[in-house]
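Asker: okay, here's the prediction I keep looking at, along with the sequence it came from:
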Amino acid sequence: MTHRLVETLTRFTPLGVRFWDVGTARPVRAGLRVTAWPEGAAGAGTVGFATTSGVYALQDLPGLRDVEWGDAPASGPGVVPLQRRYVVAVEDPEGRFVPTAFVIDLPREELGIYPPPVAGSLGDEAVPGYYLFSAASRTVPPGVAVVRAQLEDALTGAPAAHAVLAVEVDGDTWYGLADATGAVSAVFPVPAFHHTLTGSYPEGGTPLYEYAWPLTVRVRYAPGAVETPPEAGVPLLRSLFDQPEALLYGVAPGSLAPEPPDAALAASLVYGRDTTLRSEGRSSLLVEPAVSFP
């Protein structure tokens, strides 16, 4: 019995996204809920699915049927497909990451996985993926450092929701995103050791359990700069990082020895321990929002 090929169907996937865990420097291949819809549209949206390679694919997006099924070219010389803006929300039912969203015009002019290669970078290498930031409640794996805080708006007493915590250590800067309650954790690989370590004291060197790195802490916070698409309910990641730097209170106002706020605070990270940031006299870190933003 012979078989004859009657028809071949080719389907184009308009968007595939690779996700990256900033804290552990690893791809996130499963467990996410990725939903997309046309900007301004109401409805449940289109839910993506994880492929065998760990990339989340989005198909059946409204307005792109002709592109998906080949009735209209997706790309090629001289082809300028009609684009439409979509909102993509990323949530984690397992509670590992802070939910965020981004907007993208589809179909994209370039083929391949999103995010695309960064033009002008060394070898035009692709960025690892769309960055995901650890939730404050996440149980982190061994081998990473954690800096935590409960951020509070110094002017209103409300949680400093969606602020960005920046931790500078050993020449690198790591970030954490506050959730709607102001809880935040910056998770990052343990920095390099620069001195001799010993298993016990006083044999010489620094005992491992006493080794510490100096930190410089800053916070980006301006509530009016945060953009949240009404149909998404979670903020656009870009708008979070567009927030200008706020002022931080090392000592809470009203203390016996008050200090003026500053744009940066000094802290330390001790090996094997979480660092919790607080304003002296409070259980939270007081943040005075920036008064102006783009």
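Answerer: Noted; the coordinates are in hand.
Asker: so, low pLDDT: which residues of the stretch 51-200 of the chain?
Answerer: Residues of the stretch 51-200 of the chain that meet the criterion pLDDT under 70 lie in 71-81, 117-126, 195-200.
Asker: what do you get if the cut-off is 90, keeping everything else the same?
Answerer: 62-83, 107-113, 116-128, 140-143, 190-200 (pLDDT under 90).
Asker: that one: strands as residue ranges?
Answerer: In the stretch 51-200 of the chain, the strands defined using DSSP state E, counting those that start in this stretch lie at 56-58, 84-91, 100-106, 130-132, 144-153, 164-169, 172-177, 183-189, 197-198.
Asker: save these as CSV, and put in mean neighbour count too.
Answerer: Every C-beta, even on glycine, is put in place using the N, C-alpha and C of the backbone. Formatted as CSV, the strands of the stretch 51-200 of the chain follow (neighbours: other CB atoms under 10 Å):
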stretch, mean neighbour count
strand 56-58, 22
strand 84-91, 20
strand 100-106, 19
strand 130-132, 20
strand 144-153, 22
strand 164-169, 21
strand 172-177, 20
strand 183-189, 23
strand 197-198, 14
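Asker: closest to Arg238 out of these?
Answerer: strand 100-106 (6.7 Å; CB to CB).
Asker: contact partners for Tyr175?
Answerer: Listed by CB atoms under 8 Å, 6 or more residues apart in numbering, the contact partners of Tyr175 are 22, 133, 164-167, 186.
Asker: closest to Glu231 out of those?
Answerer: Phe133 (22.3 Å).
Asker: which residues touch that closest one?
Answerer: By CB under 8 Å, 6+ apart, the neighbours of Phe133 are 22-23, 97-98, 100, 175-177, 187.
Asker: and the residue nearest to Glu259 when sequence neighbours are not counted, how many neighbours does it have?
Answerer: Among residues not flanking Glu259 along the chain, Val251 sits closest, at 4.4 Å (CB to CB, 6 or more residues apart in numbering). Neighbourhood size, Val251 [other CB atoms under 10 Å]: 17.
Asker: likewise Glu259?
Answerer: Residues near Glu259, counting by other CB under 10 Å: 13.
Asker: doesn't Pro253 make contact with it?
Answerer: No: Glu259 lies out of contact with Pro253 (CB atoms under 8 Å); the separation is 9.2 Å.
Asker: who wins for proximity to Ser279 among the strands of the stretch 51-200 of the chain?
Answerer: Nearest of those (CB to CB): strand 144-153, 8.3 Å.
Asker: report the angle between that closest one and strand 172-177.
Answerer: Orientation check (axes from the mean of the first three to the mean of the last three CA atoms, to 10 degrees): strand 144-153 against strand 172-177 gives 50 degrees.
Asker: which strands and helices sit next to strand 144-153?
Answerer: strand 164-169, strand 183-189, strand 212-220, strand 265-270, strand 275-277, strand 285-288 (3 or more CB pairs under 8 Å, 6 or more residues apart in numbering; DSSP states H and E).
Asker: quick one: the third one to strand 172-177, angle?
Answerer: On the basis of the same axes, to 10 degrees, strand 212-220 is oriented at 50 degrees to strand 172-177.
Asker: need the contact partners of the helix or strand just after strand 212-220.
Answerer: On the C-terminal side of strand 212-220, the closest following helix or strand by DSSP states H and E is helix 237-241. Residues outside helix 237-241 that contact it (CB under 8 Å, 6+ apart): 100-102, 131, 162, 164, 177, 220, 225-227.
Asker: mind running it again at 10 Å?
Answerer: Contact partners of helix 237-241, identified using CB atoms under 10 Å, 6 or more residues apart in numbering, comprise 90, 98-103, 130-133, 162-164, 166, 175, 177-178, 220-222, 225-228, 293.
Asker: just checking, next helix/strand downstream of it?
Answerer: Sequence-wise, the next helix or strand downstream of helix 237-241 (DSSP H and E) is strand 247-248.
Asker: distance from the chain centre to that following strand, please.
Answerer: Mean-position distance between strand 247-248 and its chain equals 22 Å (CA atoms, centre = their mean, to the nearest Å).
Asker: so which elements touch that strand?
Answerer: Under the contact criterion of 3 or more CB pairs under 10 Å, 6 or more residues apart in numbering; DSSP states H and E, strand 247-248 touches strand 212-220, strand 285-288.
Asker: as CSV, those strands with distance to Phe49 would be great.
Answerer: Shown next, in CSV, are the helices and strands packed on strand 247-248 (distance: least, CB to CB, whole Å):
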stretch, distance to Phe49
strand 212-220, 34
strand 285-288, 39
